[in-house]
Each structure stands twice: as C-alpha cells, then as structure tokens.
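K.L.:
Quick check, what structure comes out for this input:
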Amino acid sequence: MKHYAILVFLFLMLTSCSKELSFDNETFKKESDLPCKNDCPKITIEIPIAKNAAIISDSINKKVFSVVKEIVYFGENPSKSNDYKTLAQSFIESYEEMHKKFPTETFGWEGKIKGNIEFESDQILNIKIDHYTFTGGAHGYQGFRSLLFNPQTGKTIFNDQLFKNEKEFKAFAEEEFRKKYKIPAKANINATGLMFENDKFQLPQNIFYTEEGLLLYYNSYEAASYADGPKELLFPYEKINNYLNYR
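P.N.:
Okay, here's the model as predicted:
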C-alpha cells in the first residue's frame, strides 16, 4: 500500500511538472539560391517557443508568430505562411520575385529576428522581439516589440490594462519625459524637434518589464525622426508601484 502511494505521488509530481509553462529557443534560417557576391539575401528567426501547458502555450505562440509575421512578411498571400519555416521562405521568395522584376535594383535583403524572455513573474510574462529588416532603400529598420502575457492563461495583456489609472500615469510619465529631454513644462511637446502625433504626448506602443524597472520605449519614427533615434524612459518599480496592476 505504501509502495502504491509513493507511485501515485510521483505520478502526480510528473504530471504537474509537465504542465508547467517553459520555453525552448528555436532558430529558422533561409538564404536565397540566386547567385550573389556580397550581402546575399538571408533571414534568421530565433524565437522562444512556449512548451507544455497546452492551452497557455498555444495562445502565447500564436500571438508571437503573428507579430513576427507582421514584421517580416512581404508577400501578397499571408495566409500561406503558418509557421516560421514557411515565413522565412516567403521572405526570400519575395526578394527573388522582386529581383526578377528589377535585377539591377534589388540587393542585400536581410531579416534578423531575435526573441527572448525579458521578464517573468507570477503576474506577467514579457517577451521582447528585437528585429531588423532591410528590403532596399537608404537604410534598414531596427526596433523592439514588447509582448505582454498573463502567464496563468496565456492571454495578451494590453498596455491600457497595465495601469490602475492610465490617464494619471500618462500625466506623470509626460512630466518625467520632459525633465529627461529638457522640454519646458508649458512648451509644446514637439518644441525641441520631437514628432508626437497631434503635438500631444503619448505613451509608447512598447512598454517593457525589466529587472531594473518599467521601460517606456519609443522606436524610431514613433516620437522622433530616424536620425534622432529611439527615445526611452525607465522607471524603478518602487517609484511607480502605485500605478501598476501587475508586478
């Protein structure tokens, strides 16, 4: 009887462990088969894939894939790319189709996507997507995307759900933003050359939970020109805990 009880206990422990959310990094690469000398077109996607806890993992993986797809897909039929392998293939196929039409004008397409677990607690999971794409023109585009999830359900947490009172936090953040970038309190937020829409301060599209604090991150073109680069503002948690719903 005692032996049976031990077996049951071990079975329950193993079952419990198998349901715990975990991640494995997977890498997908593709290069063009067309002849090239330098800057051969290529794409690398390195991404954390959620494992176990089937419903939770499925929800997280679908959201991460949809965002990566939004970043790198250039074809006319996005429905055909339903996994990272075909997504990488579609990027190269788009280059090769363009090369056939404009053989002297297309060169060096490149895609680099790297995801990592930026922050994880019982309340929130933050996946950071570092991405760079070049598909012609004067320069490529590099940026960060923040994906926030409830680790208990796998559901996306949207930025407006982060704060107990978003309006109050926005006013506080604007005050701190003006201090950091030396914008007078009563001046137009764009007075020093920034590019906020409608001349009004806005919270960024990407908010990161980090070990150091909450990071407001404005990618290039979101609040300033490409030449001026991204803007960011980091708040230690002890300074803003009263504003946050999750920690």
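K.L.:
Tell me the first helix or strand C-terminal of the lowest-mean-pLDDT helix or strand in the chain.
P.N.:
The helix or strand of the chain with the poorest confidence is helix 2-18; it has a mean of 46 (mean pLDDT, DSSP states H and E). Proceeding N to C from helix 2-18, the next assigned helix or strand is strand 22-31, under DSSP states H and E.
K.L.:
Would you mind giving both backbone torsions of S90?
P.N.:
phi -70, psi -30 (degrees, to the nearest 10).
K.L.:
Isn't it up against F74?
P.N.:
Yes. Contact status for S90 versus F74: in contact at 7.4 Å, counting by Cβ atoms under 8 Å. The way it works is simple: take the backbone N, C-alpha and C, and place the C-beta from them, glycine included.
K.L.:
Could you check the pLDDT of the residue most central in space within the chain?
P.N.:
Closest to where the C-alpha atoms of the chain average out (Cα atoms, centre = their mean) is R145, at 2.7 Å. For R145, the model assigns a pLDDT of 98.
K.L.:
my read: it touches H131, true?
P.N.:
Yes. Counting by Cβ under 8 Å, H131 is a contact partner of R145 at 6.8 Å.
K.L.:
Need the residues touching each of those two.
P.N.:
Common neighbours of R145 and H131, using Cβ atoms under 8 Å, 6 or more residues apart in numbering, are I71.
K.L.:
hang on, the earlier thing: compare neighbour counts for S90 and F74 and give me the winner.
P.N.:
Taking neighbours as other Cβ atoms under 10 Å, S90 and F74 compare with S90 leading, 21 against 16.
K.L.:
In contact with the more buried one, which residues?
P.N.:
Going by Cβ under 8 Å, 6+ apart, S90 touches Y73, F74, G75, K80, S81.
K.L.:
Can you get me a residue count around G137?
P.N.:
Neighbour tally, G137, other Cβ under 10 Å: 7.
K.L.:
same deal with E238?
P.N.:
Other residues near E238 number 8, with proximity taken as other Cβ under 10 Å.
K.L.:
Mind listing the residues bridging to the residue nearest to the centre of the chain?
P.N.:
Beta-bridge pairing of R145 under DSSP bridges involves I129.
K.L.:
Apart from its neighbours in sequence, what residue is nearest I127?
P.N.:
With sequence-adjacent residues excluded and distances taken as Cβ to Cβ, 6 or more residues apart in numbering, I127 is closest to L147, at 4.4 Å.
K.L.:
Test my guess that that neighbour contacts V64.
P.N.:
Yes. Counting by Cβ under 8 Å, L147 does reach V64; the two are 6.2 Å apart.
K.L.:
what residues do these two have in common as contacts?
P.N.:
Taking Cβ under 8 Å, 6+ apart as the contact rule, L147 and V64 both touch I127, I129.
K.L.:
Can I get the helix or strand F172 falls within in CSV, CA atoms only?
P.N.:
In this assignment (DSSP H and E), F172 forms part of helix 166-180. Provided in CSV are the C-alpha atoms of helix 166-180 (Å, rounded to 0.1, in the frame of the first residue of the first chain):
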residue,chain,number,x,y,z
GLU,A,166,-3.8,55.2,-17.3
LYS,A,167,-4.6,58.9,-17.5
GLU,A,168,-2.8,59.6,-14.2
PHE,A,169,0.2,57.6,-15.2
LYS,A,170,0.4,59.3,-18.6
ALA,A,171,0.5,62.7,-16.9
PHE,A,172,3.2,61.5,-14.6
ALA,A,173,5.2,60.0,-17.5
GLU,A,174,5.0,63.2,-19.5
GLU,A,175,6.4,65.2,-16.6
GLU,A,176,9.3,62.8,-16.3
PHE,A,177,9.8,62.7,-20.1
ARG,A,178,10.0,66.5,-20.3
LYS,A,179,12.6,66.5,-17.5
LYS,A,180,14.8,63.9,-19.2
